[in-house]
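[1] Got a sequence here, can you model it:
(2 chains)
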Amino acid sequence: MSQVYAPRGSSYALETAGAWLLGALWVLPLVYAFWTAFHPAEFSTRFVLSAPLTLENFVKAWAAAPFARYFLNTIVLVTMILAAQLVVVTLAAYAFARFEFPGRKVLFALVLVQLMIMPDVLIVENYQTMALLGLKDTIVAIGLPYMASAFGIFLLRQTFKTVPRELDEAARIEGCTPLQVLWKVYVPLARPVYLAYALVSVSFHWNNFLWPLIVTNSVESRPLTVGLQVFSAGDQGIDWSIITAATLLTTAPLLVAFLLFQRQFVQSFMRAGIR
Amino acid sequence: MTRTTQWLYGWLLLLPAAALLALFTHYPAVATLWHSFFSTPKGSRAAVFVGLDNYRQLGEDPIFWQALANNLWFAAGTIPASIALALLMAVWVNGRIAGRGFLRLAYFTPTILPMIAVANIWVFFYTPEYGLLEQVLGAFGAGSHNWLGSKSTALACLMVVTVWKEAGFFMIFYLASLQSMSPNLAEAAAIEGASRGYFFRRVTFPLLMPTTLFVLVNAVINAFRLVDHIVVMTRGGPDNATALLLYYIYEIGFRFWDSAYAAALTMVLLAILGVVALAQFWFLERRVHYQ
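    Okay, the predicted model is just below:
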């Protein structure tokens, strides 16, 4: 809202108080988690300022489960998915944005189906497909259903359509093949959109849980989210300090990245939303 | 480039995406329908055609009806609340409020954290006697209550977590629309003597309609798609009070391994999502003049 309608006087004070109260409520669970994770167990529910700080909960959590392996699995997973998505999505978006071929409209509608029916709800059949392909309990199986992303195709198609045709034609006159045009003209111009898409994709797959839970059942293929669940539902009793430490551990890379690149994150999510 | 090469290029460029989508979206959707008419193969016994038996079972299954009812309550509780909060947050952090940067950060942070991880934190938050909620309420003299363990409050507790997780995500889209709005509108309205509330109701809110629609569709899909927190916090309990549709599908399909019945249940979910898609198209047709 513009300045004319900015709140003034008492209403400004009231709204600021409201905004801060909501903000406090929103960070409260996270602050609470930090408190529990960085203090000895006996202080996990007692809030006194003299409580000593400790890293022991993190050390114990790290030793109690193969988190190093889970980290590796998640990193392999998100990298693999993103790499595959970038190739698949770029090619498809280019086809929809700049080529005339029979069936284009129908095919585009068929792509958009995935916006509604995401792989998350087709778990039963996709599990059977993975069993058939002999891919059960592999990292590839976690990623495969997400590699052709309707959202990505849509986003890039919109971007490619804004590229002036003159640039395209000029490159062709220079003797570029369509793939060279894509690589030299379209991809560089869409760089901010790629960044936006990459951030959204990485945070989505870093956090994804239900499908990986179903399709994996060994330490070698489990991503962090599933590893964390196996760990906290396991039989180490309810030691909240260690569980919260493990929780913060698994979210740390995303959280740190987010705090460092706040602006890019927020802008990326915005850009991804405006279609 | 000749027409045939255009065709060839189009199809070839599309091939990888089409193959992947066909294999992991279109085929499973159709296979779900097909398999819902058969029995679950067990051991050496192959699946046999059973017609509508799975659907008949579904009609008589009280847990299915409860999961469906739970899911509708869950949607009715989380969607309006998270959209309203998102709008409020966006208006606040778009204005010149003190600590705007911090507030944006605070509202948005839950979005990038894994649901599975924050659910762990929230379980602790809700723990009877020791949890933060109990301590705060206890300070006001309230008695102890098992928030996640009692049928009357468990689903509401999950709704709170969902709203907390989603509102900041939706805020971003409202914020983007608000920022693209011309300040001239407000100036013109002010000259005409419109009050702040009137301006919001008659100008800002209608202009945000496309965003609201986009957010609404996402919220509806999420209400039927997101069950991570249930796995961590309640496992559908107590007494199925927090079983949502997808969670029930997961239980039937991967705890009881009854894939045929799970297929019938999935068809219900697909039907709901199909209705959402149709409603969206119908709505877009009538609202295009805002774009």
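[2] show me the contacts for the residue nearest to the spatial centre of chain B.
    Most central in chain B under Cα atoms, centre = their mean is B:Asn222, positioned 1.5 Å from the mean C-alpha point. The neighbours of B:Asn222, taking Cβ atoms under 8 Å, 6 or more residues apart in numbering or on different chains as the test, are B:162, B:166. For the C-beta atoms, the positions are set from N, CA and C on the backbone; glycine is no exception.
[3] Then A:Val187?
    A:90, A:194.
[4] For chain B, see how far away it is.
    Separation of A:Val187 from chain B (Cβ to the nearest Cβ, to the nearest Å): 13 Å.
[5] Now the helix or strand where that residue lies: average pLDDT?
    A:Val187 belongs to helix A:187-189 when assigned by DSSP states H and E. The pLDDT scores in helix A:187-189 average 92.
[6] which residues of the stretch 51-200 of chain B fall in helices?
    With DSSP state H, counting those that start in this stretch as the criterion, the stretch 51-200 of chain B has helices at B:53-60, B:62-94, B:100-112, B:115-126, B:132-139, B:154-179, B:183-191, B:196-199.
[7] Could you single out the most deeply buried of those helices?
    helix B:115-126 (a mean of 25; mean count of other Cβ atoms under 10 Å in any protein chain shown).
[8] Could you list every helix and strand in contact with it?
    For helix B:115-126, the packing partners by 3 or more Cβ pairs under 8 Å, 6 or more residues apart in numbering or on different chains; DSSP states H and E come out as helix A:9-38, helix A:224-232, helix A:240-260, helix B:132-139, helix B:154-179, helix B:228-233.
[9] 6 Å instead, please
    With contacts taken as 3 or more Cβ pairs under 6 Å, 6 or more residues apart in numbering or on different chains; DSSP states H and E, helix B:115-126 sits against helix A:9-38, helix A:224-232, helix A:240-260, helix B:132-139, helix B:228-233.
[10] Test my guess that A:Leu115 contacts A:Ala150.
    Yes - A:Leu115 is within contact range of A:Ala150, at 5.0 Å (criterion: Cβ atoms under 6 Å).
[11] out of these two, which sits in the busier spot?
    A:Ala150 (22 against 18; other Cβ atoms under 10 Å in any protein chain shown).
[12] which residues of chain A score low on pLDDT?
    Chain A contains residues with pLDDT under 70 at A:1-4, A:45, A:234-238, A:272-275.
[13] if you set the cut-off to 50 instead, what comes out?
    A:1-2, A:275 (pLDDT under 50).
[14] So what are the structural domains in it, by residue number?
    According to automatic domain parsing, chain A comprises the domains A:3-54, A:66-273.
[15] A:Pro212 against A:Pro223, yeah?
    Yes - if you go by Cβ under 6 Å, A:Pro212 and A:Pro223 touch, sitting 5.1 Å apart.
[16] These two: who's more crowded?
    Between A:Pro212 and A:Pro223, A:Pro223 has the larger neighbour count (other Cβ under 10 Å), namely 28 against 25.
[17] wait, doesn't B:Leu155 sit right on B:Thr242?
    Yes - assessed by Cβ under 6 Å, B:Leu155 is found in contact with B:Thr242 at 5.1 Å.
[18] residues of stretch B:231-238 that come out buried?
    B:231-234, B:236 (16 or more other Cβ atoms under 10 Å in any protein chain shown).
[19] Contacts for it next, please.
    B:116, B:119, B:123, B:148-149, B:151, B:154, B:242-243, B:247 (Cβ atoms under 6 Å, 6 or more residues apart in numbering or on different chains).
[20] number of nearby residues for A:Val31?
    11.
[21] swap in the one 3 residues further on?
    Under the neighbour criterion other Cβ under 10 Å, A:Phe34 is assigned a count of 15.
[22] That one: what's its closest spatial neighbour, skipping adjacent residues?
    A:Leu248 (7.0 Å; Cβ to Cβ, 6 or more residues apart in numbering or on different chains).
[23] surely that neighbour meets A:Thr36?
    No - A:Leu248 is beyond contact range of A:Thr36, at 9.2 Å (criterion: Cβ under 6 Å).
[24] Is stretch A:132-150 in proximity to chain B?
    Yes - in terms of Cβ under 6 Å from any Cβ of the partner chain, part of stretch A:132-150 sits within range of chain B, namely A:145, A:147-148.
[25] what comes up buried for that stretch?
    A:136, A:138-150.
[26] Using PDB, list the CA coordinates for it.
    In PDB, the C-alpha atoms belonging to stretch A:132-150 read as follows (Å, rounded to 0.1, in the frame of the first residue of the first chain):
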ATOM      1  CA  LEU A 132       9.200 -53.400 -11.600                       C
ATOM      2  CA  LEU A 133      12.200 -51.400 -12.700                       C
ATOM      3  CA  GLY A 134      14.300 -52.900  -9.900                       C
ATOM      4  CA  LEU A 135      15.000 -49.400  -8.500                       C
ATOM      5  CA  LYS A 136      13.400 -49.900  -5.000                       C
ATOM      6  CA  ASP A 137      15.600 -48.500  -2.200                       C
ATOM      7  CA  THR A 138      17.800 -46.300  -4.500                       C
ATOM      8  CA  ILE A 139      18.400 -42.600  -4.600                       C
ATOM      9  CA  VAL A 140      17.400 -42.600  -8.300                       C
ATOM     10  CA  ALA A 141      14.000 -43.900  -7.400                       C
ATOM     11  CA  ILE A 142      13.400 -41.000  -5.000                       C
ATOM     12  CA  GLY A 143      14.200 -38.500  -7.800                       C
ATOM     13  CA  LEU A 144      12.700 -40.000 -10.900                       C
ATOM     14  CA  PRO A 145       9.100 -39.000 -10.500                       C
ATOM     15  CA  TYR A 146      10.100 -35.400 -10.000                       C
ATOM     16  CA  MET A 147      12.500 -35.000 -12.900                       C
ATOM     17  CA  ALA A 148      10.000 -33.700 -15.400                       C
ATOM     18  CA  SER A 149       8.500 -30.800 -13.500                       C
ATOM     19  CA  ALA A 150       5.400 -29.200 -14.900                       C
END
